[in-house]
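Peer 1: quick one, fold the following:
(chains A and B)
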2 protein chains.
Amino acid sequence: MMNYILSYDITSDRLRDRVAKKLMTLGCFRVQKSVFIGIHFSVKEIGVLKNNLNQLFNSKLKEDSDSFLCLPLTERQKNEMWWLSPDPFPKFEFDNAILL
Amino acid sequence: MMNYILSYDITSDRLRDRVAKKLMTLGCFRVQKSVFIGIHFSVKEIGVLKNNLNQLFNSKLKEDSDSFLCLPLTERQKNEMWWLSPDPFPKFEFDNAILL
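Peer 2: Down below sits the predicted model:
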């Protein structure tokens, strides 16, 4: 099982909402407006997500500058990350999720 | 030397512009509106960036929900990342930057 960091730039409110809802339905949690962390994904699950997003990105709602980025999130990153905010980083979910 | 992925949620246009300009001055390149990749940072340089951002975040422009996230970016991530967009991922800079 792997964890991922997922981010997007999507112009259409409707498409952006659909992508955000898709990510939340799959148990991803939001760390910033357009940045999510996806936890405990199997190879199959991340492949299904990619296909679903591809379908959404093939819709007429997509604009030319839209993009979606997915990167694996490793233990090393967790240990070396930093976060500036009055709000704490959602640690509980993160700590329990990283089992690489 | 390390590479980083940097993202932010900043409400104030003025503060957001200042942070984006700071990142670009340091040679980071923009992959999405609020997501940058910082390449070839020494430990000292990333520490200086963190201090500078902390100072900006201590200004009156900052709002409570603002945040800045910094994660190291490794060779493994480069190999396993995916990108959905009509625009290609800025490969030249990326390929030349990853020297872990």
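Peer 1: any idea how far residue A:16 is from residue A:7?
Peer 2: From residue A:7 across to residue A:16, the span is 12 Å (C-beta to C-beta, to the nearest Å). Heads up, the C-betas are built off the backbone N, CA and C, glycines and all.
Peer 1: assess the claim that residue A:22 and residue A:56 are in contact.
Peer 2: Yes - between residue A:22 and residue A:56 there is a contact under C-beta atoms under 8 Å: 7.2 Å.
Peer 1: give me the more crowded residue out of those two.
Peer 2: For residue A:22 versus residue A:56, neighbours defined as other C-beta atoms under 10 Å in any protein chain shown are more numerous around residue A:56 (18 against 14).
Peer 1: contact residues of chain A facing chain B?
Peer 2: By C-beta under 8 Å from any C-beta of the partner chain, the part of chain A that sits against chain B consists of A:5, A:7-9, A:31-35, A:50, A:53-54, A:57, A:64-74, A:76-77, A:80-87, A:89.
Peer 1: just the buried ones from those residues?
Peer 2: Neighbour counting by 16 or more other C-beta atoms under 10 Å in any protein chain shown classes A:5, A:7-9, A:31-35, A:53, A:57, A:66-74, A:77, A:81, A:84-85, A:89 among those as buried.
Peer 1: looking at the residues you listed, which are in helices?
Peer 2: Residues of those located in helices (DSSP state H): A:53, A:57, A:77.
Peer 1: want to throw these into TSV with pLDDT?
Peer 2: Below are those laid out as TSV (pLDDT from 0 to 100):
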residue	pLDDT
A:53	94
A:57	88
A:77	87
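Peer 1: got those residues as JSON lines, with distance to residue B:41 columns?
Peer 2: Converted to JSON lines, those look like this (distance: C-beta to C-beta, whole Å):
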{"residue": "A:53", "distance to residue B:41": "30"}
{"residue": "A:57", "distance to residue B:41": "32"}
{"residue": "A:77", "distance to residue B:41": "15"}
